[in-house]
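# Sequence below, structure please.
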Amino acid sequence: MTTIAVLGGGYAGLRAARKLAHAKVPARIVLVNKHPYHYQSTQLHQLAAGTKEEADICFPMATAVPKKVNVVIDEVERVDREGHQVFLKSHPPIAYDYLLNALGFESESFGIEGVEENSLPLVDVDTALAARRHLEETLARYRTSGDDLDLSILVCGAGFTSIEYLGELVYRLPELAKRYDFPMEKVKIGCIEAADKILPMFDRKLADWATDYLRRHGVVFHTSTPITAIRPGQVVSNDATFSANTIIWATGVKGSSVIPASGYSSKRNRVVVQDDLSVEGNPREFLIGDVSAVLDPSSGRPYPTTAQVSIAQADCAAANVVAELTGRPTGKFSFKSVGTVCSLGPKVGVAQIDFMGHWKLKGWIVGIVKKMVNDRSVLEVADVKTVLGNN
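Model prediction:
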């Protein structure tokens with residue numbers, strides 16, 4: 001029987017596996033995922049800040065996929081693309097006829113000295129929980145250490161993850177101050193960014209509102225400040241040094257390291273794919289999500305690696321596998337964003353919504369919108385029962 005291997009149970013992989021199962025294709029569908037659960041990567045910042053618990057952003061893989069999908073919990077080591085096999089860490093290789101590679105992202109150090117040794121990334125459940133433990137233990141230590149750096153937090157990068165993490169952090173800090181008995185007036189929060197603007201994808205007024213909100217809550221932004229090294233307790237930018245005992249690394253991500261290990265030609269472990277999401281020269285191999293670079297015909301630049309784009313790619317790739325199986329031509333990937341939402345804690349944020357008009361929102365209403373967005377993303381990779389279970 002024909003085998004379709006789907007690698008990765010994130011937004012792209014899980015959605016694709018579900019679409020293939022519902023299409024009732026005459027094939028065996030195998031979904032490989034490192035963990036027995038799916039996690040909402042767009043909510044990792046909340047887990048790291050402690051405003052959400054693990055159960056709030058995760059659900060079992062077994063409850064999310066139809067019975068037709070065979071789930072293998074293991075880590076992919078590499079893909080033998082010529083031999084059509086996926087090599088796993090603990091299981092025998094999986095032979096496939098069609099491949100949907102959706103292996104997701106890893107932290108990107110950009111080759112900067114000391115990043116991996118001296119900072120805390122936010123790329124999965126384990127790293128988010130590690131960052132949370134470190135934050136709380138360091139803040140609690142101030143009572144005995146008296147070290148002001150225990151109350152100093154530096155966030156590297158000012159992308160979506162950083163800004164949303166900062167929003168959750170300033171929301172939760174007063175509660176942590178009461179719990180661990182440290183003076184809020186001594187807390188210092190810095191955000192270090194190489195670019196000269198914060199949230200450039202937003203309308204300038206919305207971006208300024210978000211930046212001002214965080215400033216009013218104690219965040220100091222250092223823009224046009226490229227990071228050149230991370231040392232124990234220090235972020236270095238050329239001749240300037242910033243000190244803190246909690247350093248969060250959220251400057252950007254790259255695709256899975258399985259990509260170079262499998263011989264793909266890539267940049268930051270992302271492969272430029274054809275307009276139907278297949279790999280050039282191999283119409284039965286599709287790359288979607290964070291490991292793919294899909295060029296937007298209007299700009300000539302790759303689409304951003306967002307959950308919204310990943311889900312749309314999954315739909316296209318699954319439909320194209322079905323087309324291949326049934327002898328029909330594949331279709332081109334197209335995407336139209338419905339908007340962008342950036343939370344600044346659980347109650348406020350900024351948003352640009354392109355649905356039934358063009359909406360620019362800020363403040364408390366965005367908290368409601370963000371909740372709707374999170375619920376929608378769960379519904380697109382699972383079911384109503386799972387949405388209700390995560391509320």
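
# got a list of what the spatially most central residue of the chain touches?
Taking Cα atoms, centre = their mean as the criterion, residue 41 is the residue nearest the geometric centre of the chain, at 4.4 Å. For residue 41, the contact set (Cβ atoms under 8 Å, 6 or more residues apart in numbering) comprises 10-11, 104-105, 124, 307. For glycine as for every other residue, the C-beta is placed from the backbone atoms N, C-alpha and C.

# Of those - the most surrounded one?
Using other Cβ atoms under 10 Å as the neighbour criterion, residue 11 leads the contacts of residue 41 with 30 neighbours.

# Who are the contact partners of the residue nearest to residue 295 when sequence neighbours are not counted?
Of all residues not flanking residue 295 in the chain, residue 302 sits nearest, at 5.9 Å (Cβ to Cβ, 6 or more residues apart in numbering). Counting by Cβ under 8 Å, 6+ apart, residue 302 makes contact with 270, 272, 293-296.

# where in the chain is pLDDT low?
355-357, 372-391 (pLDDT under 70).

# per the record, what domains does it have?
3-108+253-334, 115-249, 337-391 (automatic domain parsing).

# neighbours around residue 14, how many?
Counted with other Cβ under 10 Å, residue 14 comes out at 26.

# Need the contact partners of the helix or strand containing it.
For residue 14, the host element (DSSP states H and E) is helix 11-22. Helix 11-22 has contacts (Cβ under 8 Å, 6+ apart) with 4, 6-7, 9, 27, 29, 31, 33, 38, 41, 61, 64-66, 68-69, 100, 102-104, 288-290, 307, 310-311, 313-315, 317-319, 321-322, 377, 380-382.

# what ranges do the helices span in the stretch 201-350 of the chain?
Using DSSP state H, counting those that start in this stretch, the helices found in the stretch 201-350 of the chain span residues 204-216, 258-261, 307-325.

# what about those helices, which gets the closest to residue 334?
helix 307-325 (7.9 Å; Cβ to Cβ).

# now the angle between helix 11-22 and that closest one, please.
Helix 307-325 runs at 40 degrees relative to helix 11-22, counting by axes from the mean of the first three to the mean of the last three Cα atoms, to 10 degrees.

# Show me which positions of helix 307-325 end up buried.
Buried positions in helix 307-325, judged by neighbour count with 16 or more other Cβ atoms under 10 Å: 307-322, 324-325.

# do stretch 122-139 as well
Result for stretch 122-139 [16+ other Cβ under 10 Å]: buried residues 122-125, 127-129, 131-132, 134-136, 138-139.

# Now, those residues that are in helices?
With helices defined by DSSP state H, the entries of those inside them are 125, 127-129, 131-132, 134-136, 138-139.

# Return the list of strands paired to the helix or strand that contains residue 353, each annotated with direction.
Per DSSP H and E, residue 353 falls inside strand 349-354. Sheet pairing here is set by DSSP bridges, and for strand 349-354 it gives strand 339-343 (antiparallel), strand 358-363 (antiparallel).

# Ranking those strands by mean neighbour count, which comes first?
For those, the largest average neighbour count (mean count of other Cβ atoms under 10 Å) is found in strand 339-343, namely a mean of 21.

# how far off helix 204-216 does that one point, in degrees?
10 degrees.

# and residue 203, how far is that from residue 350?
As for residue 203, its distance to residue 350 is 9 Å (criterion: Cβ to Cβ, to the nearest Å).

# re earlier: reformat the strands paired with strand 349-354 into a markdown table and put distance to residue 95 next to each item.
As requested, the strands paired with strand 349-354 are exported to a markdown table (distance: least, Cβ to Cβ, whole Å):
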| stretch | distance to residue 95 |
| --- | --- |
| strand 339-343 | 41 |
| strand 358-363 | 49 |
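
# out of those, nearest to residue 243?
strand 339-343 (28.1 Å).

# Give me the residues contacting the closest one.
160, 163-164, 167-168, 199, 201-202, 210, 349-355, 359, 366-367, 369-370, 373.

# I'd like the distance from that strand to the chain centre, please.
Strand 339-343 sits 14 Å away from the centroid of its parent chain (Cα atoms, centre = their mean, to the nearest Å).
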